[in-house]
Structure formats: C-alpha cells, structure tokens
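Trainee: Curious how this folds, go ahead:
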Amino acid sequence: MSNTDTDSKRPDFGGEHLRSDQAKFYLVGGGIASLAAAAFMIRDGDILGHNITVLEETDKLGGSLDASGSSQSGYLLRGGRMLESKYLCTYALFASIPTLDDSRTVTQEIIAWNETMKTSSKSRLFSNGARQDAPEFGLSEKHILTIERLAVEPEALLGETSIADQFDAAFFKTNFWFMWCTTFAFQPWHSAVEFKRYLVRFAHMVSGFNRLQGIMRTVYNQYDSMVRPLHKWLDERGVTFVLKTRVTDLGISEHEGDKTVTHIAFERDGKPGRIAVGEKDFVLVTLGSMTEASSFGSMDTAPMLHGKRNGGAWTLWEKLAAGRPEFGRPTVFADHIDQSKWVSFTTTLQDATFLRLMRDATGNIPGEGGLVTFPQSSWLASIVIPHQPHFIDQPADTAVFWGYGLSVDMLGDFVKKPMSVCTGREIMTEILGHLGIVAEAPRILETAICIPCMMPFVTSQFLRRRKGDRPQVVPPGSRNLAFMGQFCELPEDVVFTVEYSIRSAQTAVYALLRLKREPPAVYRGSFDPRVLLKAFVALHDLAS
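Mentor: Predicted coordinates:
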C-alpha cells in the first residue's frame with residue numbers, strides 16, 4: 001500500500017493532473033461518506049478504482065448504516081435514517097448504482113417503493129392505551145412566533161444557545177415537540193442553530209408532519225438496500241477495502257500556511273504500520289462518529305456505557321486538531337456523553353401476535369405508519385415497525401422492529417429502572433406496558449429477542465457549538481486533505497442525515513479534484529410561498 005512516487009515537485013492543481021493514473025486516494029473510515037466519495041471519484045472524476053483505498057477500523061463497511069444478525073440470534077440495527085424527496089445528493093449518487101439484482105438503480109427502487117408504500121401514520125402518538133390520529137400540534141401563538149423568528153434569525157445571533165433558551169417550558173409539553181424531537185432525536189439542551197436548520201430544511205414537511213407524510217424508506221434496511229449495492233459497484237471497479245485497520249494519525253507537513261499529508265499511521269492486529277502519501281496523492285477523512293463505542297446487550301443483559309477511548313475516530317480527530325484550530329474542536333462533541341447518548345433496541349419476533357396487535361391498535365400495517373411515540377413514557381420511547389422482511393435473508397415467519405428512547409436515565413413507568421441499565425426483556429416489558437398489552441405479553445416475551453444498544457455519541461452532532469467547531473470540508477491551506485461526514489461544516493444542510501454525509505463527500509471530491517461542478521443546492525422550501533402557507537396552516541392546527 002506504500003506509494004513509490006518520488007516526484008519532488010509541488011502538485012499542479014490542474015484538472016488533468018488530478019485525474020492522472022499516478023494519483024492515489026486514501027479514504028479513512030468505511031461509512032457512507034467514504035463509499036460515496038469513492039463513487040464520485042470514479043463516476044465524476046475519472047479516477048481508476050484500483051487507485052482508491054478505503055481504510056476501516058471495524059470488520060464491516062457501512063459505518064452507522066449497519067445491519068447484522070440472524071433470525072436465530074436476533075437481528076440488529078443501531079438506527080434507521082429517514083429519507084425524503086429533497087435528498088438531492090443521495091438520489092443523484094444512487095441513480096448510478098444498480099440494485100443487488102441489477103434490475104434497476106437504487107434510486108429508481110426507492111422512488112418506486114415509496115409510490116407503493118407511502119408513509120401515512122394513523123398513530124403518530126400513542127397515549128393511555130389509544131392511538132392519536134393526526135394529533136394537533138398544540139402550539140401557542142408565542143411558540144409559533146418563536147418558530148417563525150428562528151427560521152429567519154441569522155445563526156450568528158443564535159450563537160451557542162440551546163433550544164431551551166429559545167422556548168418556554170410549556171413548549172416541551174406540546175405534541176409538536178413530542179413529534180419533532182422523536183422524529184429527529186432533538187433534546188431541549190441541543191443547539192438552537194441545528195434546530196433552526198431543521199425548521200428551514202424541512203419546512204416542506206411540516207404540513208404532513210403529524211402523519212409522517214413525505215418520509216421515505218428503502219425496501220430493506222439501509223445496509224442491505226444502499227450500502228451493499230454501493231459496495232458491490234465499487235468492488236467491481238477495483239476499489240481496495242482494508243478492514244480491521246485503525247488509522248491513528250496523519251503526518252502533516254506545514255509550510256507557509258500550506259498543509260500536506262505525507263503519511264498515514266495505522267494499527268492492524270495490534271501492530272503499527274505506515275502508508276507513504278505522495279505529493280500527487282489525497283486523503284479524505286471521515287471525522288468523528290455518532291456510533292463510536294456502541295455497546296450491545298441481550299434479552300438478559302444491559303449494554304455498557306463506553307467512551308471515546310473505545311474506538312479510533314475521536315482520538316484521531318483530537319490528534320489532527322491539536323494545534324490546528326482550523327481542523328475544528330472535537331471536544332465540543334465528544335466530551336458530553338450525558339447530553340448525547342441514548343439507547344436503541346432491535347426486536348426479532350418469532351410469533352405473529354405482536355404485529356397483529358400493533359396493526360389493530362394503530363391502524364397501520366408494517367411499513368406504512370413509521371414512528372409511534374409514547375409521549376407519556378418517562379423514557380420518551382418510540383418504535384417503528386418496518387415492512388417485512390426488513391433483512392434480505394429474513395425468514396417469512398420472522399419479523400423485526402426497532403425502537404429507541406431519548407430519556408435513558410429516567411426510571412421506566414412499568415420497569416422501575418433507567419433505560420440505560422435495562423435488559424432487552426425489561427425494555428420489551430416497558431413497551432408492552434405502554435401499548436396496554438397484558439394477556440399476550442408472556443407469549444410475546446417468550447418468543448422475542450430484544451437486543452439493546454447504548455450509543456454514547458449518537459446525537460453529539462446536535463450539541464451546542466460555535467463557528468469553527470466543525471471544520472470546513474477542505475480546511476484553509478490544505479493541499480491534499482479533506483474532511484467528510486457529520487462533523488464538518490456544510491452551510492444550510494442538516495446533520496444526522498444520510499444526505500449530509502453524501503453531500504460532504506461530493507463536496508470534498510469536487511473540491512480536491514478541482515472539478516468544474518458543484519453538488520446540487522440544498523432545497524429551500526422556506527422560500528416557496530406555497531410551502532410557507534401550508535406550514536402556517538399546520539402550525540396553527542387549522543388543517544381539516
């Protein structure tokens with residue numbers, strides 16, 4: 001993997017040079033950002049696949065878009081990301097990627113699937129053992145005026161304030177907040193700037209928000225439907241994937257304000273190694289990780305709470321940023337686990353009882369309703385039952401659903417323990433309690449496998465920050481280094497989305513290769529009078 005190019009000249013940033021067959025490209029991290037970057041390099045930059053190497057710490061590609069397990073041991077998803085029609089970078093990328101069976105492109109499959117299986121929740125909130133069909137937002141005029149102010153107020157004026165700094169306590173008891181915070185995983189102490197970006201970015205979805213209209217899903221989980229086809233496409237074109245390899249540092253030469261990566265330090269099988277980076281080579285790093293240090297429990301064990309030393313993503317960023325403020329401030333995001341952690345859980349069902357009861361209670365079949373939130377839950381728990389099968393290899397007599405809780409340190413309502421220390425059995429008992437399922441509960445618990453997952457950093461990208469805490473995709477003075485993922489800065493777009501990772505990858509590739517093209521502009525529905533009128537009507541609960 002060493003580079004033998006000894007050309008001592010400074011790199012010429014002309015387009016033809018950057019597309020030369022001698023240039024090598026190293027992508028640190030095997031998540032969706034790196035996979036997307038490799039595809040953009042090949043498709044739009046004419047880079048040869050065999051000149052691209054992806055370095056991944058774990059034994060599997062996909063990063064946070066993961067899926068694993070079996071019907072016997074239990075399936076496992078750490079999370080599920082929503083899609084929507086304005087994810088322009090995502091659909092542009094996957095318009096070139098065939099599905100696993102080569103029948104059409106991934107984008108075509110997603111669009112066709114969501115024409116068939118349109119999300120329309122009949123039970124977005126579930127309280128007192130009963131569903132709420134299209135619940136009203138319940139906002140006061142003061143709350144609405146604050147939302148409208150945030151939508152237009154410059155980010156610089158919001159600074160490091162939190163959402164709680166902008167609203168009174170009553171706002172956090174409204175149906176609007178229960179639906180908003182559980183759809184996007186916001187907490188009151190999270191950044192007002194990020195909350196504002198979401199308001200603007202998803203203004204076109206406000207009118208259907210209480211039924212989750214406009215939210216799109218993949219046919220299977222996103223690993224099977226998106227990561228695997230993209231991996232296959234890249235593999236066929238000769239991209240090298242080096243797994244179980246932790247990048248520990250980058251050697252960076254600094255001269256008169258310019259910064260050039262000269263080598264990559266790594267560890268594999270407990271042994272250190274080094275890759276020489278030539279003057280014509282490039283390095284793209286996925287900064288940080290929302291799923292770093294994840295820990296899994298079982299039906300009878302609770303997951304453990306780990307920290308940033310239990311993986312390589314945060315420590316790498318800390319090393320890179322030391323003495324280089326233009327590389328961001330990782331401690332802002334990594335050192336507040338109490339404000340960024342929550343627990344998700346994946347339940348594998350070997351009996352049809354639970355799905356039948358959920359269908360009858362919510363009015364939705366699997367895949368049709370989306371997130372069901374229990375606003376009375378001390379854990380602020382939610383579940384989502386996707387279309388079955390959710391895994392490509394899932395047997396017909398097996399079902400899977402996913403859920404999570406935001407307030408994981410609160411005592412449960414039926415299991416008097418914090419969610420953070422609960423086993424899978426205890427989490428399922430709590431969910432069954434909120435659903436009012438009593439007689440059938442023993443049978444469901446007997447035939448279920450619930451695997452909880454503690455994620456210390458899952459909403460770290462939402463933490464209060466100031467300008468410069470997230471570095472630019474191509475930092476000032478960088479000659480051959482770019483950053484990608486959830487912790488670099490992309491004005492106007494929103495973190496905690498697949499779109500953000502893919503947009504960052506597209507931005508990085510186009511900038512480093514000096515391509516005469518730009519990623520598609522972020523959709524701004526807040527400039528469309530029709531969108532604003534529908535949002536106004538919805539916020540005031542005037543819709544019929």
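Trainee: low-confidence ranges in the stretch 251-400 of the chain?
Mentor: Within the stretch 251-400 of the chain, not a single segment meets pLDDT under 70.
Trainee: So which residues of it form strands?
Mentor: In the stretch 251-400 of the chain, the strands defined using DSSP state E, counting those that start in this stretch lie at 258-268, 271-276, 282-286, 295-296, 342-349, 371-373, 381-384, 399-405.
Trainee: For the longest one, name the packing helices and strands.
Mentor: Looking back up the chat, that one is strand 258-268. Of the remaining helices and strands, those touching strand 258-268 by 3 or more CB pairs under 8 Å, 6 or more residues apart in numbering; DSSP states H and E are strand 246-255, strand 271-276, strand 481-484. Just so you know, the C-beta spots here come from the backbone N, C-alpha and C atoms, and that holds for glycine as well.
Trainee: any idea of the mean pLDDT in stretch 523-531?
Mentor: The predicted model gives stretch 523-531 an average pLDDT of 90.
Trainee: Now for the residue nearest to T353 when sequence neighbours are not counted: which residues touch it?
Mentor: Spatial nearest neighbour of T353, excluding adjacent residues (CB to CB, 6 or more residues apart in numbering): E440 at 5.2 Å. If you count contacts by CB atoms under 8 Å, 6 or more residues apart in numbering, E440 has them with 353-354, 357.
Trainee: Now, of these, which are buried?
Mentor: Neighbour-count burial (16 or more other CB atoms under 10 Å) applied to the contacts of E440 gives 354, 357.
Trainee: What is the nearest of the contacts of E440 to V400?
Mentor: Of all these, the one with the least separation from V400 (CB to CB) is F354, at 10.9 Å.
Trainee: Please name the residues that touch that closest one.
Mentor: Residues near F354 by CB under 8 Å, 6+ apart: 399, 401, 437, 440, 444, 448.
Trainee: shaky segments in this structure?
Mentor: Screening the chain residue by residue with the criterion pLDDT under 70, one finds the ranges 1-20, 544.
Trainee: so what are the domain limits for it?
Mentor: 23-65+224-290+309-327+465-512, 136-184+191-213+533-539 (automatic domain parsing).
Trainee: mind checking how far the last one is from the chain centre?
Mentor: So the one you mean is domain 136-184+191-213+533-539. Relative to its parent chain, domain 136-184+191-213+533-539 has a centroid offset of 20 Å by CA atoms, centre = their mean, to the nearest Å.
Trainee: Same check on stretch 397-407?
Mentor: Counting by CA atoms, centre = their mean, stretch 397-407 is centred 17 Å from the centre of its parent chain.
Trainee: With only the CA atoms kept, save that stretch in PDB.
Mentor: Once non-C-alpha atoms are left out, stretch 397-407 reads as follows in PDB (Å, rounded to 0.1, in the frame of the first residue of the first chain):
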ATOM      1  CA  ASP A 397     -42.100 -16.400   9.800                       C
ATOM      2  CA  THR A 398     -39.800 -13.800  11.500                       C
ATOM      3  CA  ALA A 399     -40.500 -10.100  12.000                       C
ATOM      4  CA  VAL A 400     -38.300  -7.300  13.100                       C
ATOM      5  CA  PHE A 401     -38.900  -3.900  14.600                       C
ATOM      6  CA  TRP A 402     -36.800  -1.100  16.000                       C
ATOM      7  CA  GLY A 403     -37.100   1.500  18.700                       C
ATOM      8  CA  TYR A 404     -35.300   3.900  20.900                       C
ATOM      9  CA  GLY A 405     -35.600   6.100  24.000                       C
ATOM     10  CA  LEU A 406     -34.400   9.700  24.400                       C
ATOM     11  CA  SER A 407     -34.500  10.000  28.200                       C
END
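Trainee: quick one: contacts of it?
Mentor: Contact partners of stretch 397-407, identified using CB under 8 Å, 6+ apart, comprise 71, 75, 77, 79-80, 181-182, 185, 187, 342-350, 352, 354-355, 366, 377-386, 388-391, 394, 419, 427, 431.
Trainee: Report the buried members of these.
Mentor: With burial judged by 16+ other CB under 10 Å, the buried subset of those is 71, 75, 77, 79-80, 181-182, 185, 187, 342-349, 354-355, 366, 377-386, 388-391, 394, 419, 427, 431.
Trainee: Surely I252 touches T262?
Mentor: Yes. Using CB atoms under 8 Å as the test, I252 is close enough to T262 to be in contact (6.9 Å).
Trainee: Okay, helices next: where are they in the stretch 351-500 of the chain?
Mentor: Counting by DSSP state H, counting those that start in this stretch, the segments of the stretch 351-500 of the chain that form helices are 353-362, 424-435, 441-447, 498-512.
Trainee: Would you point to the one among those that's packed deepest?
Mentor: Per-residue neighbour counts averaged over each of those give the maximum for helix 498-512, namely a mean of 26 (mean count of other CB atoms under 10 Å).
Trainee: Between strand 282-286 and that helix, find me the angle.
Mentor: Angular relation of helix 498-512 and strand 282-286 on a 0 to 180 degree scale: 160 degrees, by axes from the mean of the first three to the mean of the last three CA atoms, to 10 degrees.
Trainee: what's the neighbour count on the closest residue to L316 other than its chain neighbours?
Mentor: Of all residues not flanking L316 in the chain, V247 sits nearest, at 5.9 Å (CB to CB, 6+ apart). For V247, the number of neighbouring residues by other CB atoms under 10 Å comes to 23.
Trainee: Any idea what V247 is bridged to?
Mentor: F266 (DSSP bridges).
Trainee: before we move on, the earlier item: dump the domains of the chain to a markdown table, plus distance to Q108.
Mentor: Compiled in a markdown table, the domains of the chain are given as follows (distance: least, CB to CB, whole Å):
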| stretch | distance to Q108 |
| --- | --- |
| domain 23-65+224-290+309-327+465-512 | 12 |
| domain 136-184+191-213+533-539 | 22 |
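Trainee: wait, what's in contact with T301?
Mentor: Neighbour list for T301: T423 [criterion: CB under 8 Å, 6+ apart].
Trainee: So V54 belongs to a strand, correct?
Mentor: Yes. The secondary structure assignment for V54 places it in a strand, going by DSSP: H, G, I helix; E, B strand; the rest coil.
Trainee: you'd agree it is up against A38?
Mentor: Yes. Look at V54 against A38 with CB under 8 Å: they come within range, at 6.5 Å.
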